[in-house]
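> Pasting a predicted model and its sequence here:
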Amino acid sequence: MKVVFMGTPDFAVGTLEAIVGAGHEVAAVVTQPDKPKGRGGVMAMSPVKECALSHGLTVLQPLKARNPEFIEEIKAINPDVIVVVAFGQIIPSEIIHMPKYGCINVHASLLPKYRGASPIQWTVLDGCEYSGVTTMLMDEGIDTGDILETVTVKLDERETGGSLFDRLSLVGAKLLVETLDKAEAGQLHPVKQDDSQSSYVRMIDKSFGLMDFTQPVEVLERKVRALNPWPSAFTHMDEKLLKIWDATVIQDNNVKAGDYGKVKTDGKTCFMVACDGGYLSVNELQLEGKKRMKVEDFLRGYSIKEGTVLS
C-alpha cells in the first residue's frame, strides 16, 4: 500500500517505524517545519523527521497543510492512504478525501471520550482506570470521524503521563498496521461515534503545572503523575521554582484550611505538604538550578523550616 505519513512528535515515531517494517511503501513523510530549540535557538528537526531521514524517506514540511502547492504535491503522489498521528495542523478536506482508503488517524484515547489535544495527560488527571488507542477515519471535525479499530489498556496505579505515552505509542503502532491490513482486505466496518458520550480536552501548557494546595490531595497526586515528564507539576519555595516529580497521598481529614500549602518535615526523609484531605508526601523533586533528586538527598543539602509555605 502506498502511504503518506503525517506526524511530528515522539508518539508518532513508533507508528512510522511499524509502517516501514510492515513493508508498505512510504511515499512521503509530512511533518512540522524545523523550529529553534534551547537557549541557543539552534534549529531542530521533529522526531518524525529524524526517523524518516534515517530510512531515506522523502520529507515534506509545509508551513500550512492547506497551501494549494502542498495539496497538489500530495495529489501528485496519489497515495492509497494517508496516516495521521499527532501531526499538529488542521488537514483540509481536499486531502482528507483524496486517498482510496481515506485519512486514518491514530488517536491516544478510546473515542469518543477525550477528543482533543491532550488525551493522555487528562486520562491520568481524571483518575481513569482504562485508556486505549483508536484508529479513526478522519473527517472535517476534531476527532469526530468513524471508529475503525480500538485497543483498551488498563492504567497502572502509579501510571504517569510519560509511561502511558510510551505504552500507547507501541499499542497504536501495532493497531495501525492491523488497520491497514484490514482496509486492504476490505474487512473494516466503520462505526459512527456517539457524540453524546464525547468530551474535549484542552491543550496543556507549562502554566497548567502550577499546584494549588487548596485542592484535594488525590487530585494533586494525579496531577504530579499526569504532568511527568512534561510540563511537570511545580510550586515555589523561597522564591525559587520547585518541581515535584513524584509524590504519594497521606490521608488526614484533620488538616485545616489555614495550613494548606505548609510544609511538614523532619529534615531527613519526610517532606509533606498540607492539602485538602491530607498531605502530599513528596518523594522526588527538583529545585530551580539543581538536578532532580530523591527527597532524602535533597534534605541533606537543603534546610527547610517546618511550616514553610509553598506558593
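Ah, there it is. Numbering: from 1, shown residues only.

> Longest strand of this structure, counting residues only.
strand 240-251 (DSSP state E).

> With just CA atoms, put that one into PDB.
Provided in PDB are the C-alpha atoms of strand 240-251 (Å, rounded to 0.1, in the frame of the first residue of the first chain):
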ATOM      1  CA  LYS A 240      12.500  29.600  43.600                       C
ATOM      2  CA  LEU A 241      10.800  27.200  41.200                       C
ATOM      3  CA  LEU A 242      10.300  23.800  42.800                       C
ATOM      4  CA  LYS A 243       9.200  20.900  40.500                       C
ATOM      5  CA  ILE A 244       7.500  17.900  42.100                       C
ATOM      6  CA  TRP A 245       8.300  14.700  40.100                       C
ATOM      7  CA  ASP A 246       6.800  12.000  42.400                       C
ATOM      8  CA  ALA A 247       4.500  12.000  45.400                       C
ATOM      9  CA  THR A 248       2.100   9.900  47.300                       C
ATOM     10  CA  VAL A 249      -1.100  10.600  49.300                       C
ATOM     11  CA  ILE A 250      -1.200  10.600  53.100                       C
ATOM     12  CA  GLN A 251      -4.900  10.800  54.100                       C
END
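
> From the chain's centroid, how far away is it?
Counting by C-alpha atoms, centre = their mean, to the nearest Å, strand 240-251 is centred 21 Å from the centre of its parent chain.

> Return the set of buried residues in stretch 100-112.
Residues of stretch 100-112 classed as buried by neighbour count (16 or more other C-beta atoms under 10 Å): 101-112. C-beta here means a position set from N, CA and C on the backbone, and glycine is covered the same way.

> Now do it: distance from first to last residue.
Stretch 100-112 has its terminal residues 25 Å apart, counting by C-alpha to C-alpha, to the nearest Å.

> which residues touch the residue lying closest to H55 once chain neighbours are set aside?
In this structure, H55 finds its nearest non-sequential neighbour in V20, 5.6 Å apart by C-beta to C-beta, 6 or more residues apart in numbering. Residues near V20 by C-beta atoms under 8 Å, 6 or more residues apart in numbering: 26, 55, 57.

> Many thanks, I have nothing further to ask.
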